[in-house]
Each structure stands twice: as structure tokens, then as C-alpha cells.
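> pasted the sequence and its predicted model underneath.
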Amino acid sequence: MLGIKDFVARFHLRFLMKNYQPASMSLPDDLNNRRNVLICLPAGQRELTMIKPLLPELSRIFSSSEIYLLASPGSQVYAIFPRKGYRIFTPSSDQIGWSGVAKKSYLKILRQNNFDLILDMNLITGYFVQSVLLSFPKAIRIGGGNKLGQPYYNLEIKSKYLRDEKNIYKSIVEMIGKIKDSHSLATDETAD
């Protein structure tokens, strides 16, 4: 049986879904020219240390983009992640509702950055990130396969790894790079 917090959070998410109108997407073209990329980080210290080595590859993939990191509430992201080259958002407890969803005032702050790509690196879903994903319907929203699906993600990347978190993270980033690089290869071939 669901607790009252779960019930309230799901109610808020259903409300966000009512106003949700997804935008069309064309891959790999739409992965290029992304100006503002938001990476939603997991809460656990162990997971954060697995994602840190992938930051240089994400910076390469989105070299023409401003990259923002969204830390989970209460995580110790500053002890692990470099501040140089990334803007880090860490919501305070007053920016999150009692049920765990992001408050409207916090979503308004995030919307000021006009994120056009959101990469959810959470392997366990949470109401906070779900509310953020639904608040950017025109963005490309990427996440791991077999988790949230539509309307939260418009691109899901499945991994052959089931329990190896480090390789799941790595395979997601590698696949984004392959998709994006396939456009570069196609463009180079047509130019020849």
C-alpha cells in the first residue's frame, strides 16, 4: 500500500503530465547544437564516484554546450566533483516539497537556463528527478532503459549490463557518443 507521501508525489506528477506536450525529435541531428545540458546525478556517494570519470567524455560529446550538474538533495557532490568547467545545482530542503517533488519556485529557477537536453544518470527513479524531467517537455530527455519510459524520457538507452552499475553508466555515455558521432561521420561522408 502506498504511503501518503507517495500518493501526494504521484498526484503532483499527474498534474505535471496534464500540461505536458512532447516535442518531436530527430536523431542524430537533434543531439547536435545543444546549448544547455543538464545531467541529473544520483544521490549515492558510490554512484557519484562511478560517474565522475565519465565527465571528460560527456564534455567531449557536448563540447559546444554548457554543462550543468543537478545533484540530488543532500548529496555531497562538492566533495567529489570538480567545480571547474561545470555549474552545479544542489537544491536545498526548502526547494523540495514534502512529498519529494521539486517545488514550482525551484523549477522556475531551472527553466531560466533553457535546458535543451537532460541526461538522467539515476538508476533508481525518484520523484524529484521525475518532476524535473516533466518540466522540460521540449528538451531531449535521455535515461536508462526499462525504467521510466514516456513521457519522462524521449530516448531510452538500454544496457547489456544488468547489475554492473559502473558499466551501465559507461554504456549510456558511450551510446550517446556513438549516436552523436554517427551524425559527424555522415556529414563528413556527404562532404567528400
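Yep, that arrived. Numbers count the residues shown, from 1 in each chain.

> am I right that N33 sits in a strand?
No - under DSSP: H, G, I helix; E, B strand; the rest coil, N33 sits outside any strand and is assigned coil.

> where along this structure do the strands fall?
In the chain, the strands defined using DSSP state E lie at 36-40, 66-70, 87-89, 117-120, 140-144, 155-157.

> same list (the ones you listed) but as TSV, adding distance to R60, mean neighbour count and mean pLDDT.
Placement of C-beta: from N, CA and C, glycine included. Below are the strands of the chain laid out as TSV (distance: least, CB to CB, whole Å; neighbours: other CB atoms under 10 Å; pLDDT from 0 to 100):
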stretch	distance to R60	mean neighbour count	mean pLDDT
strand 36-40	12	22	95
strand 66-70	11	20	93
strand 87-89	18	15	87
strand 117-120	14	24	95
strand 140-144	16	23	91
strand 155-157	17	18	90
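
> can you list those strands in JSON lines and add distance to S99?
Shown next, in JSON lines, are the strands of the chain (distance: least, CB to CB, whole Å):
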{"stretch": "strand 36-40", "distance to S99": "18"}
{"stretch": "strand 66-70", "distance to S99": "19"}
{"stretch": "strand 87-89", "distance to S99": "20"}
{"stretch": "strand 117-120", "distance to S99": "19"}
{"stretch": "strand 140-144", "distance to S99": "21"}
{"stretch": "strand 155-157", "distance to S99": "25"}
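
> ok, which of these comes nearest K166?
Nearest to K166 among those is strand 140-144 (13.3 Å), distances taken as CB to CB.

> between strand 36-40 and the closest one, find me the angle.
Inter-element angle recorded for strand 140-144 and strand 36-40: 30 degrees (by axes from the mean of the first three to the mean of the last three CA atoms, to 10 degrees).

> bridged to the closest residue to N114 other than its chain neighbours, which residues?
Nearest in space to N114, with sequence neighbours left out and distances taken as CB to CB, 6 or more residues apart in numbering, is N36 at 5.5 Å. Per DSSP bridges, the residues bridged to N36 are E66.

> contacting residues around N36?
N36 sits next to 65-66, 68, 113-117 when contact means CB atoms under 8 Å, 6 or more residues apart in numbering.

> ok, of these, which one's closest to Q45?
Closest to Q45, out of all of the contacts of N36 and judged by CB to CB, is Y68, at 20.4 Å.

> quick check: that closest one touching F81?
No - the pair Y68 and F81 fails to qualify as a contact (CB atoms under 8 Å) at a distance of 11.7 Å.

> spit out the residues that contact these two alike.
Both Y68 and F81 are contacted by I88, under the criterion CB under 8 Å, 6+ apart.

> below-threshold pLDDT in the protein: ranges please.
Applying pLDDT under 70 to the chain flags the ranges 1-2, 22, 82-83, 183-192.

> this completes my enquiry, with thanks.
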